[in-house]
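Peer 1: Quick one, what's the 3D model for this:
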Amino acid sequence: MMKVNNKLKIKEFSLLCGVTVKTLRHYEKIGLLQPFEVDEWTGYRYYNVSQMQAMENIRRLKEMGFSLDEIIEMFASGSLKPTLQTLEKKIAESERELHKLQERCTMLRNLVDSQNKILKMEQISIQSLPEIIVASHRETINSYNDLGCLCCEVIGPEMARLGCKCPEPGYCFTIEHNEYRPTNIDIEYCEQVEEMGKDSEIIQFKKIPAVEKAICMKHYGPYERLYQSYVELFKYIEQQGYKVIGAPRANYIDGIWNQEDPEKWLTMIQVPVEKA
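Peer 2: Numbers count the residues shown, from 1 in each chain. Now for the predicted structure:
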């Protein structure tokens with residue numbers, strides 16, 4: 001009857017146990033798991049199939065939080081599993097660690113809340129808006145993504161044809177004429193000009209009255225996320241005891257015309273308000 005050879009080279013043993021050769025060499029070095037046999041001529045290390053159970057015990061004990069030194073001490077005592085007393089001690093240690101982690105999570109959450117409050121204070125301000133003359137164009141668009149093309153391909157060329165002169169540094173904004181929504185937006189684009197011009201089928205000129213008080217919020221990112229910023233700002237206005245008394249404006253400061261990365265686009269939402 002043929003005898004089955006249960007000697008495994010270190011590479012074979014590592015693959016069967018799901019550990020690296022480097023790990024096995026480290027375990028050998030610290031006296032945790034010695035090879036079954038070492039060839040004195042070649043230095044090849046061989047492991048026995050029966051050692052796979054010891055390797056599995058080491059893996060499970062590590063998962064339960066036992067250090068390698070603790071496992072070495074356990075194996076040296078002739079046991080491949082912890083005593084009841086050792087398990088109770090490890091449970092107590094784990095509970096202390098869990099308590100520390102919960103405290104850390106609380107501290108981190110408090111820090112996030114604090115930074116969010118600071119960020120909101122930096123994002124939101126109260127301003128007055130002067131009376132201006134604008135060239136305007138009103139149209140229903142499918143989404144905010146269509147706004148860039150509308151400005152560059154339709155409104156801009158028509159304003160150039162009409163000879164519009166815009167004061168520096170430039171002020172353009174949009175007003176929504178329906179309830180705030182991410183699609184099918186009835187939007188009016190307005191850009192400040194130096195003087196009234198002659199209306200065309202695309203552009204109409206008008207005077208926008210001054211706004212004594214407007215709560216303004218910086219929005220960074222693509223226009224498709226403007227809707228979420230509107231929701232957040234209106235919630236803030238209500239919490240601060242204000243009421244909206246005019247059409248909100250989305251003032252475009254940085255966009256596709258000077259920033260390739262949409263995450264760097266800056267839009268200032270301006271909402272006329274008064275104390276409720």
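
Peer 1: give me phi/psi at K9?
Peer 2: phi -70, psi 160 (degrees, to the nearest 10).

Peer 1: is it in a bridge, and if so with what?
Peer 2: Y46 (DSSP bridges).

Peer 1: Contact partners for it?
Peer 2: Y44, R45, Y46, Y47 (Cβ atoms under 8 Å, 6 or more residues apart in numbering). For every residue, glycine as well, the C-beta is placed using N, CA and C.

Peer 1: could you measure the second one against R59, distance?
Peer 2: Read that as R45. R45 is 19 Å from R59, where distance means Cβ to Cβ, to the nearest Å.

Peer 1: what two of the contacts of K9 have the greatest distance between them?
Peer 2: Y44 and Y47 (10.9 Å; Cβ to Cβ).

Peer 1: which one of these two has more residues nearby?
Peer 2: Y47 (25 against 13; other Cβ atoms under 10 Å).

Peer 1: so what's the more buried one up against?
Peer 2: K7, L8, K9, I10, F13, L24, P35, F36.

Peer 1: Please repeat the previous calculation with a cut-off of 10 Å.
Peer 2: 6-10, 12-14, 16-17, 24, 33-37, 54-55 (Cβ atoms under 10 Å, 6 or more residues apart in numbering).

Peer 1: Next step: the residues you listed restricted to strands.
Peer 2: K7, L8, K9, E37 (DSSP state E).

Peer 1: List the residues that contact the first one.
Peer 2: Right, K7. F13, P35, F36, E37, Y44, Y46, Y47, N48, V49.

Peer 1: for the last one, phi and psi?
Peer 2: It stands for V49. According to degrees, to the nearest 10, V49 has phi -60, psi -30.

Peer 1: Local confidence estimate at it?
Peer 2: Looking at V49, its pLDDT reads 88.

Peer 1: residues bridging contact with Y44 and Y47, i.e. touching both?
Peer 2: In contact with both Y44 and Y47: K7, K9, I10, P35, E37, using Cβ under 10 Å, 6+ apart.

Peer 1: So which one of those residues is the model least confident about?
Peer 2: Lowest in pLDDT among the shared contacts of Y44 and Y47 is K7, which has 84.
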